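>>> Have a look at this prediction, sequence included:
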Amino acid sequence: MASKKKRLIILSIDKRVNDYLRTIISRVIGNEVAVDGHTIEATHRTASRPDAVLVSGRFLLPDAESRFPGVPVVAPVRIITGHNLEKVILLPKGQKALVVANHRDVAEGTIRSLIDLGIHHVNYVPYWIGREIDLSTVNAAITPGMTYLCPKEVEPIIDLGPRLISVHSFLNLLLTLQLDPRYVEVYSTYYHRQLTASTWELSKVLEQSEMLRKHEEVILNEFEDGVLSVDHSGVVDLANAAALKLFAAGTSAILGRSFESLVRDFEKLADLTENAGPEEKSTAVFTFKGKKILRTRIPVSGSQQKSQIFTFREIGEIQQLEEDVRRKLSRQGYLTKYTFADIWAQSEKVRELIDKARRFSKTGKNILITGESGTGKELFAHAIHASSPRQNGPFVAVNFAGLPEGLIESELFGYEDGAFTGARRGGKKGYFEQARGGTVFLDEIGDAPMSVQSRLLRVLQEKEVMRVGGSKIIPVEVRIIAATNTDLSEAIAAKQFRKDLYYRLNTLPIHISPLRDRPEDIFYLIERYLKTTYNIEKQFTPAAHDHILNYRWPGNVRELINMLEYICYASRDNRTVDLPDLPRSLRSVRKSAQAAVEEHTEFNCLANELSDHRLSLDTVRCCLEILLIQSGRVWGRNSLRRELEKHAGLVSEGRMKRWLTVLRDMGLVDIGATKQGTVITAHGEACYRFLAQRPTGRQAGSVFGVMATKDGYFGSTGPAHGPPYNRKGA
């Protein structure tokens, strides 16, 4: 007959702990002992008296003795296994961590085990059910298998696993149950297997830590800056190779030495960081051994101790590095080539525009430059960047007309590795990333596809991009200067350009007048270009002079320069340029243009319509000329009426209002809000030129006889056919 099994009851607070202990003990002595588990709340009377009671902790001894009188009670010593111990070791020094358990004794016992293992760099805080504590000051939670009790607000959670019964305590249990002591060998095998697994994990962490230390040493010694670490007592505890070279000393002569004694020969020249406190980063310039040294102090604060890191760099090296960087950027085309000094102009209109652009450059706002092809939009963009606070940052120019539509997004925003077939390995930065801290010049913005316009709008709004094929948001701090020779309002009406993008770009608008509207610049540019580029001077015959002034210059300054290149080679060594020396295309245009004007019945009909509205053609021409010549000024209705009265006699306010309404309805002017005023349209400019070439009563040509000058209008005593010119080109 088989012998009757002995009976063991395990008593605990937590059912999970109870299940763990019952499983371990049953695995070793389950053939001879019936193991039953009870919790404090669920303890009930049993039919038979147990042979022994095992409690999960010494704090349960009184409960066990009162519930099972006369029954031997074993209170084992329990220890942590070392599971996840490497995660505790990697916690920063001085960090506050909860030690979470179901009872105060368990939490405090776990802390004692950690300290006994030599892990005492963490500020442990015991935590159990019902204890109140400010969790905002805690950075981690450690628990012996009770993750379900850890506050959700605290991360990370490090689970050490349930605590094991010590080998000695297990032997005591065997003796209490009068079992063969050799069972302790079986338990020891399981016990040591757990410890070996934890030791293996710890050894891997130590190996990784040693490798990390070596990496840090290599990285520090690769720094061109000298680096010193100074502990809370002012003693140097780390120095890289550059620092040893700077102080001309070996490691043993620097480590352990007072920092103040090491730098006593440094003489301060200037503080670069104003009013920096002891807890703030500071930078200053010193002289040391005849060299100027840039020294930076970086405070490092822990919860218990504070230290400082000092970096040292010779200023001559910084200047050389900056020069090298700028040279490389220049080769990549990421530096500005022009300043406002490179914009040549004699006309008051352009000079005022340059002054406005200078003011705009000092802001960080987006700028939209409009103007016909060849007027110098990119020249202005370069000059604005060169005069801005971002002048030392990159200047990246993007021409939408020159980029294939399929490549625009990847070039602008970059792409990740493998984003598409043919993508560069490792991916590529886009123009916006490359321009970080500088300016992106978006030339021919009117040619941007609608899909790209949507992404551009996000860049302008959020100051961030996402590469093609990527999922990471990349912040970019750039200034946008856009340019176009197309009418964006027409593109918006045709749904070819986003209205919201237009308003984002058009924060500070700049419009560059075509060359034909500033004839005083033509011969000024001719003389200066010939002198600067070829160091020559040329005279122009009256015929050539008149022809150049009356030409409409559809290609603007770019076409003018092309003509000068032609003249330099066509006229050879001749100091005088005559009509045959001009390009054939330039000589053949004038006649056809005049014929087109004569045959243009549309403006004849328009003149008749103006007469039907009882509007004097002289008055209309005068009004349009004021708006055209002084386009940079804001013309309200009253200011325009007062200016018109100087040349057309008294004009009532009601009549002025009616005239402007008629001109607006005919498409000759646009009437905006108070700050925008009245401006002449392109149709109005064409109408003015037509009227200026036709006799209308008093005179032909300009209403005022001449175009505007810096000092105002000369009056109506000028030549009868168009504005005068300076025959010397000045």
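Ah, there it is. Residues are numbered from 1 along each chain as shown.
>>> Residue 301 contacts residue 279, doesn't it?
Yes - counting by C-beta atoms under 8 Å, residue 301 touches residue 279, with 7.0 Å between them. In this view, the C-beta of every residue, glycine as well, is placed from N, C-alpha and C.
>>> Where does pLDDT dip in the stretch 301-450 of the chain?
The model of the stretch 301-450 of the chain has pLDDT under 70 over residues 302-305, 319-334, 421-423.
>>> Now the terminal residues of stretch 350-370, how far apart.
Distance between the two ends of stretch 350-370: 14 Å, counting by C-alpha to C-alpha, to the nearest Å.
>>> Return the distance of that stretch from the chain's centre.
23 Å (C-alpha atoms, centre = their mean, to the nearest Å).
>>> Could you do stretch 133-141 as well?
Worked out by C-alpha atoms, centre = their mean, stretch 133-141 lies 34 Å from the chain centre.
>>> Buried residues, it. List them.
138, 139, 140, 141 (16 or more other C-beta atoms under 10 Å).
>>> before we move on, what about stretch 550-570?
550-551, 553, 555-557, 559-561, 563-564, 566-568.
>>> which residues are contacting that stretch?
Around stretch 550-570, the neighbours that count as contacts under C-beta atoms under 8 Å, 6 or more residues apart in numbering are 372-376, 514-516, 522, 525-526, 529-530, 534, 536, 538, 548, 577, 581-583, 586, 589-590, 593, 722.
>>> Before we move on, what's the pLDDT of the residue minimising distance to the centre of the chain?
What sits nearest the mean C-alpha location of the chain, by C-alpha atoms, centre = their mean, is residue 476, with 2.0 Å. On pLDDT, residue 476 comes in at 84.
>>> Quick check: the gap between it and residue 436.
Look at residue 476 and residue 436: by C-beta to C-beta, to the nearest Å, they are 5 Å apart.
>>> again with residue 554
In terms of C-beta to C-beta, residue 554 sits 38 Å off from residue 436.
>>> Repeat that for residue 552.
Residue 552 is 43 Å from residue 436, by C-beta to C-beta.
>>> same check, this time on residue 167
63 Å.
>>> now what about the longest strand seen in the chain, what contacts it?
The single longest strand within the chain, with elements called by DSSP state E, is strand 291-301. If you take C-beta under 8 Å, 6+ apart as the criterion, strand 291-301 is touched by 246, 266, 269, 272, 278-287, 306-316, 318.
>>> How about that strand, which residues are buried there?
By 16+ other C-beta under 10 Å, the buried positions in strand 291-301 come out as 292, 293, 294, 295, 296, 297.
>>> Give the pairing partners of that strand; include direction for each.
strand 282-288 (antiparallel), strand 306-314 (antiparallel) (DSSP bridges).
>>> so how far is it from its chain's centroid?
26 Å.
>>> and if you look at stretch 367-377?
That offset, for stretch 367-377, works out to 27 Å (C-alpha atoms, centre = their mean).
>>> circling back to that earlier point, drop anything exposed from the contacts of strand 291-301.
246, 282, 284, 286, 307, 308, 310, 311, 312, 313, 314.
>>> Could you tell me the end-to-end distance of stretch 231-246?
OK, stretch 231-246 end separation, C-alpha to C-alpha: 20 Å.
>>> roughly how far apart are the residue nearest to the centre of the chain and residue 439?
12 Å.
>>> Kindly report the same for residue 308.
Residue 308 is 37 Å from residue 439, by C-beta to C-beta.
>>> likewise residue 253?
49 Å.
>>> what does residue 563 give?
32 Å.
>>> Pop the domain breakdown of this protein in here.
6-78+171-197, 84-160, 226-318, 333-512, 516-579, 600-730 (automatic domain parsing).
>>> Please compute how far stretch 293-310 lies from its chain's middle.
With C-alpha atoms, centre = their mean, you get 27 Å for stretch 293-310.
>>> Regarding that stretch, how distant is the last residue from the first?
Stretch 293-310 end-to-end distance (C-alpha to C-alpha) = 12 Å.
>>> Narrow the contacts of stretch 550-570 to just the buried residues.
Buried among these (16+ other C-beta under 10 Å): 372, 374-376, 514-516, 522, 525-526, 529-530, 538, 548, 577, 581-582, 586, 589, 722.
>>> Which of the residues you listed fall in helices?
522, 525, 526, 529, 548, 586, 589 (DSSP state H).
>>> quick revisit: of the buried residues of stretch 550-570, which is the nearest to residue 342?
Relative to residue 342, the closest of the buried residues of stretch 550-570 is residue 557; by C-beta to C-beta it sits at 12.1 Å.
>>> residues touching residue 496, list them.
residue 450.
>>> same thing but 10 Å
446, 447, 448, 449, 450, 453, 486, 488, 490 (C-beta atoms under 10 Å, 6 or more residues apart in numbering).
>>> The fourth one and residue 488, how far apart?
When distances are taken as C-beta to C-beta, residue 449 and residue 488 turn out to be 15 Å apart.
>>> helix/strand/coil for residue 397?
Here residue 397 is recorded as strand under DSSP: H, G, I helix; E, B strand; the rest coil.
>>> Surely it is in contact with residue 438?
No - using C-beta atoms under 10 Å, residue 397 is not in contact with residue 438, being 11.1 Å away.
>>> For stretch 418-431, buried residues please.
Using 16+ other C-beta under 10 Å as the test for burial, stretch 418-431 gives 419, 423, 427, 428, 430, 431.
>>> got the end-to-end distance for it?
Stretch 418-431: ends 19 Å apart by C-alpha to C-alpha.
>>> next one: that stretch to chain centre, how far?
For stretch 418-431, the distance to the chain centre is 20 Å (C-alpha atoms, centre = their mean).
>>> the more surrounded of residue 253 and residue 439?
residue 439 (26 against 13; other C-beta atoms under 10 Å).
>>> State the mean pLDDT of stretch 645-662.
Per-residue scores along stretch 645-662 average to 79.
>>> gap between the two ends of it?
19 Å.
>>> Over to stretch 663-679?
Start-to-end, stretch 663-679 (C-alpha to C-alpha) is 11 Å.
>>> can you check stretch 125-136 too?
13 Å.
>>> Then stretch 267-278?
20 Å.
>>> starting at the chain centroid, how far to it?
For stretch 267-278, the distance to the chain centre is 29 Å (C-alpha atoms, centre = their mean).
>>> average model confidence for it?
The model assigns stretch 267-278 a mean pLDDT of 76.
>>> No further queries at this time; thank you.
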